[in-house]
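Chemist: sharing a sequence plus its predicted fold:
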Amino acid sequence: MRVPFFDLKVQYAAIKSEIRRAIDEVCDNQQFILGPQVHRLEDEIARYCGARCAVGVSSGTDALLLALMALGIGSGDEVITTPYTFIATAGSIARSGARPVFVDIDPARFTIDPKLIADRITERTRAILPVHLFGRCAEMEPIRTLAAQHQIAVIEDAAQAIGAEDEFGRMAGCIGLLGCFSFYPTKNLGGFGDGGMVTTNDSSLASTLFALRNHGASTKYLHSLLGGNFRLDELQAVLLAVKLQHLDQWTKQRIINAERYDALFRERGLECRIRLPELPRNERHVFNQYVVRVSRRDELSRFLESRGIGHDIYYPRPLHLQVCFEYLGYKEGDMPVSERAAKEALALPIYPELTQPMQEYVVDALQTFYGERSS
Ligand SMILES: *Cc1c(COP(=O)(O)O)cnc(C)c1O
């Protein structure tokens, strides 16, 4: 058997006719930039996330950059974030001109540890940028409280977490001031190329975002702001609108798969060898990734490779130790929880179409590797 890490072809086969029809609609229309499909998707994503406004943009990375730009964050400012995330999070802060300030993570959730934030807030801090990593919301309530006390913004990196809910039933992307989403093909709602969205309940911020994504023009050829080309195109929008109709079903399947892994690992007594992700009962974790923590991680990775089992490592090097952030002056040991996670984390296949026999094959392989007997 082979178990791919993800398989977008199976998903496509199931919705091919809907997708082809949607492509035809845009082709017949021949309007490719900022037309009815983008507006429709913006309305639908806003409704889905419970936000007042949604602004379609060119990628998740650009969503983050635009969110920072819309708040006027730049040179001389500091933005607090996690080092245990994809480069785009802190990369966008640096590209805005601001300085990323890293705060270590909580070991169970992999998301920024709110207890460590207060100490890093200075008079230059303009925003806190938590990441809802792997599909689970960061612990937002203490972050909101801190942000309110210091009158700074909360920008959520919800790239991996569309549809996730925190313990108060609030949806990822709508808990802070601005929410940033990615439609990269392997995200839970993935396009046929790049795309992203910024959500907010603040309509004046939304107007700024609408202008910024299109060269800062709110009226054609009149540029009150310096923006850029950060547009989402009609083809991506129409395909995403088709896929959005299926998102909840796919998410449900991801959760079922996570629960099945959990049961299988426990049946075999492997939960003492492998640290399983929590299955929070009063939250909605949307499992963009199913990440376990293991010893001998790199050896396990080679073993899984030999068994034809797809997997990946998120993230092998935390951002405070990346060469591009050397100028920030961090060193090894500064973020111990992230550094340890970077050595232990391993993502197993969790995509919606993954079958039970495939999951059993994965669990069998881990059992063989760790030499545990069935209990
Ligand atoms: C994917 C991702 C991004 C960037 O999204 P793109 O659409 O690839 O630009 C940002 N942050 C996180 C946490 C991501 O996983």
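Modeler: It's in. Numbers count the residues shown, from 1 in each chain.
Chemist: wait, residue 277 touches residue 290, no?
Modeler: Yes: using C-beta atoms under 8 Å, residue 277 is in contact with residue 290, at 6.2 Å. No exception for glycine: its C-beta is placed from N, CA and C like everyone else's.
Chemist: who touches both of those two?
Modeler: Counting by C-beta atoms under 8 Å, 6 or more residues apart in numbering, the common neighbours of residue 277 and residue 290 are 134, 258.
Chemist: for the helix or strand hosting residue 63, what is the average pLDDT?
Modeler: In the assignment (DSSP states H and E), residue 63 maps to helix 60-70. Average pLDDT, helix 60-70: 98.
Chemist: who does the helix or strand just after it pair up with?
Modeler: Counting by DSSP H and E, the next helix or strand C-terminal to helix 60-70 is strand 78-81. Strands that pair with strand 78-81, judged by DSSP bridges, come out as strand 99-102 (parallel), strand 125-129 (parallel).
Chemist: now the residue nearest the centre of the chain. Nearest residue, chain neighbours left out?
Modeler: Central residue of the chain (C-alpha atoms, centre = their mean): residue 160, 2.1 Å from the mean position. Leaving out its chain neighbours, the residue that sits closest to residue 160 by C-beta to C-beta, 6 or more residues apart in numbering is residue 288, at 4.0 Å.
Chemist: residue 358 too?
Modeler: Excluding the flanking residues, the one nearest residue 358 by C-beta to C-beta, 6+ apart is residue 3, at 4.6 Å.
Chemist: could you pull up phi and psi at the one you found?
Modeler: Note on residue 3: backbone dihedrals following degrees, to the nearest 10 are phi -120, psi 110.
Chemist: give the contact list for it.
Modeler: By C-beta under 8 Å, 6+ apart, the residues touching residue 3 are 308-310, 349, 354, 358, 361-362.
Chemist: which stretches of this protein form strands?
Modeler: Ranges of strands within the chain are 53-57, 78-81, 99-102, 125-129, 153-157, 178-182, 196-200, 217-219, 222-223, 274-275, 290-294, 345-348, based on DSSP state E.
Chemist: would a markdown table of these with distance to residue 371 and mean neighbour count be doable?
Modeler: Shown next, in a markdown table, are the strands of the chain (distance: least, C-beta to C-beta, whole Å; neighbours: other C-beta atoms under 10 Å):
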| stretch | distance to residue 371 | mean neighbour count |
| --- | --- | --- |
| strand 53-57 | 49 | 27 |
| strand 78-81 | 40 | 24 |
| strand 99-102 | 38 | 22 |
| strand 125-129 | 42 | 26 |
| strand 153-157 | 39 | 26 |
| strand 178-182 | 39 | 31 |
| strand 196-200 | 44 | 30 |
| strand 217-219 | 64 | 13 |
| strand 222-223 | 65 | 12 |
| strand 274-275 | 13 | 20 |
| strand 290-294 | 13 | 22 |
| strand 345-348 | 17 | 22 |
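Chemist: count the neighbours of residue 301 for me.
Modeler: 15 (other C-beta atoms under 10 Å).
Chemist: let me know which of the strands paired with strand 78-81 is the nearest to residue 82.
Modeler: strand 99-102 (6.9 Å; C-beta to C-beta).
Chemist: now that closest one: mean pLDDT?
Modeler: Averaging pLDDT residue by residue across strand 99-102 gives 98.
Chemist: is that strand anywhere near the ligand?
Modeler: No: Strand 99-102 stays clear of the ligand (C-beta under 6 Å from any ligand atom), getting no nearer than 13.1 Å.
Chemist: neighbouring contacts of that strand?
Modeler: Residues from elsewhere that reach strand 99-102, judged by C-beta under 8 Å, 6+ apart: 77-83, 90, 93-94, 120, 124-125, 319-320, 325, 328, 330, 334-335.
Chemist: for it, output the C-alpha coordinates as CSV.
Modeler: Extracted in CSV, the C-alpha atoms of strand 99-102 (Å, rounded to 0.1, in the frame of the first residue of the first chain):
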residue,chain,number,x,y,z
ARG,A,99,10.2,44.3,13.7
PRO,A,100,8.9,40.8,14.5
VAL,A,101,9.2,40.0,18.2
PHE,A,102,8.9,36.3,18.9
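Chemist: quick check, residue 254 in contact with residue 349.
Modeler: No: the pair residue 254 and residue 349 fails to qualify as a contact (C-beta under 8 Å) at a distance of 10.7 Å.
Chemist: in CSV: the strands paired with strand 78-81, plus distance to residue 22.
Modeler: CSV is the format used below for those (distance: least, C-beta to C-beta, whole Å):
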stretch, distance to residue 22
strand 99-102, 38
strand 125-129, 33
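Chemist: which of the contacts of residue 3 sit farthest apart?
Modeler: Checked with C-beta to C-beta, these reach their widest spread between 308 and 354, with 14.1 Å between them.
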